[in-house]
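Novice: please work out how this folds:
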Amino acid sequence: MIRLPLIRQNTLLGGFLSGLRNGRAFGGLCVLKTVLPIALLSALAACGAPRDGIRLTESATTVPAEEAMALPPPGGPAVVSVVSRKFTNADQQDVLLFTSAATPGQNFLRIKIFGPVGIERDGGKSLGYASVRESVIAGEIREAVPGVAMRRSGLFLQNDYGPFGYAFGHGRQNDSCLYAWQQIRSSEQDRSGFQNGGTIQVRLRLCEEGASEEKLLSVMYGYTIRAGISKPGWNPYGAPPPVDAGLGRTSNPIKPLSEDLQPGRTVRTARPVAAQTVTVREVPVEKNVQVVPNPDISRNSKGPETIPLPVAADTSTVVVPSPACVANLDGTSPC
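Specialist: Coordinates of the predicted model:
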């Protein structure tokens, strides 16, 4: 039963070839209509077969630093490379930062932007979402800074994007390490199905030799998010805060704090200067010396201050040559 179609096909093919040899073209065309679909199906099956070779498991690409979705503050650390990954529900970038510490690992500023990225990515891989929980953060710290005892800070800190947390520890040799995390999302009462949706997650891993905790923490206060999703309703920052009711009103002065003033321009009140006592020394009166009283001398002094003045006899012996009077080589002078 299985071989009969094959025998028939061979018979038809043989008849087609025989017809071509004998000049029976019409019969050959009828057989050709039967053979061509079979050959076409065989070719399509061969095209759909899996090909050999190495295939990439994820779509990670390197993009220029100008396309980074987040950047460290001015002054560093410097951006080395940017690795971007696209998913059906988010975009993720690892902004790799300059690393010179002896502690193993790569410094990075990681940002994930969740939201409606576009229907052209449907059918691809989605990025798993995990909110900020203690168990999740502990696993991230062990993965980012392996072998380093990190101490989580209990302080409530907040930058321009909202509250964040961090852990600090000492790595190899003289290294200081910091791992910080932040989630930017509008408040629950502001979120709905049509507005204030979306989430941004930021992670910072930074190890530096001889750096203080305050220096590493300053990166979390100075980094910038420079990307977003241009879709209606995507706004992880929530509604803007209301303006202070006192702004612009009279009888409501606003003065700068001392730390807001620029160095060298702080207005200071003059301090009183203690009175100084002037000691006047008596000068014996000599010949050819005129005594000129000084009116500024205090009345309590024993005598007037003397200022020796030159007399005519002294001035006659002093000769001051002018610039034009230059001695010749033989010692004579034209003046």
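
Novice: look up how far Val83 lies from the nearest residue in space to Phe194 that is not next to it in sequence.
Specialist: Nearest residue to Phe194, sequence neighbours excluded (CB to CB, 6 or more residues apart in numbering): Gly233, at 5.0 Å. Using the backbone N, CA and C atoms, a C-beta is placed for each residue, glycine as well. Taking CB to CB, to the nearest Å as the measure, Gly233 falls 29 Å from Val83.

Novice: mind listing what the nearest residue to Phe98 once chain neighbours are set aside touches?
Specialist: Leaving out its chain neighbours, the residue that sits closest to Phe98 by CB to CB, 6+ apart is Ala78, at 4.4 Å. Residues near Ala78 by CB atoms under 8 Å, 6 or more residues apart in numbering: Pro72, Leu97, Phe98.

Novice: correct me, but the second one touches Gly105?
Specialist: No - counting by CB atoms under 8 Å, no contact exists between Leu97 and Gly105, whose distance comes to 11.2 Å.

Novice: more neighbours, these two?
Specialist: Taking other CB atoms under 10 Å, Leu97 and Gly105 do not tie; Leu97 has more neighbours (22 against 17).

Novice: ramachandran angles for that one?
Specialist: Phi and psi for Leu97, reported as degrees, to the nearest 10, are phi -110, psi 160.

Novice: what pairs with it across the strands?
Specialist: Taking DSSP bridges as the rule, Leu97 bridges to Val79.

Novice: tell me the contacts of it?
Specialist: Each residue near Leu97 by CB under 8 Å, 6+ apart is listed here: Pro72, Pro77, Ala78, Val79, Val80, Gln106, Asn107, Phe108, Leu109, Leu206.

Novice: can you give me the distance of it to Arg121?
Specialist: Noted for Leu97: a distance of 28 Å to Arg121, by CB to CB.

Novice: for Arg85, which non-adjacent residue is closest in space?
Specialist: Closest residue to Arg85 apart from its sequence neighbours, by CB to CB, 6+ apart: Gln92 at 4.6 Å.

Novice: can you get me a residue count around the one you found?
Specialist: Applying other CB under 10 Å, we find 18 residues neighbouring Gln92.

Novice: and the gap between it and Arg142?
Specialist: Taking CB to CB, one finds Gln92 at 20 Å from Arg142.

Novice: before we move on, what about Gly118?
Specialist: Per CB to CB, Gly118 is found 35 Å from Arg142.

Novice: repeat for Asn196
Specialist: To Arg142, Asn196 is 34 Å away according to CB to CB.

Novice: between these two, who's got more neighbours?
Specialist: A direct count of neighbours by other CB under 10 Å for Asn196 and Arg142 places Asn196 higher, at 19 against 13.

Novice: and the helices in the stretch 151-300 of the chain, which stretches?
Specialist: Assigned by DSSP state H, counting those that start in this stretch, the stretch 151-300 of the chain shows helices spanning 213-222.
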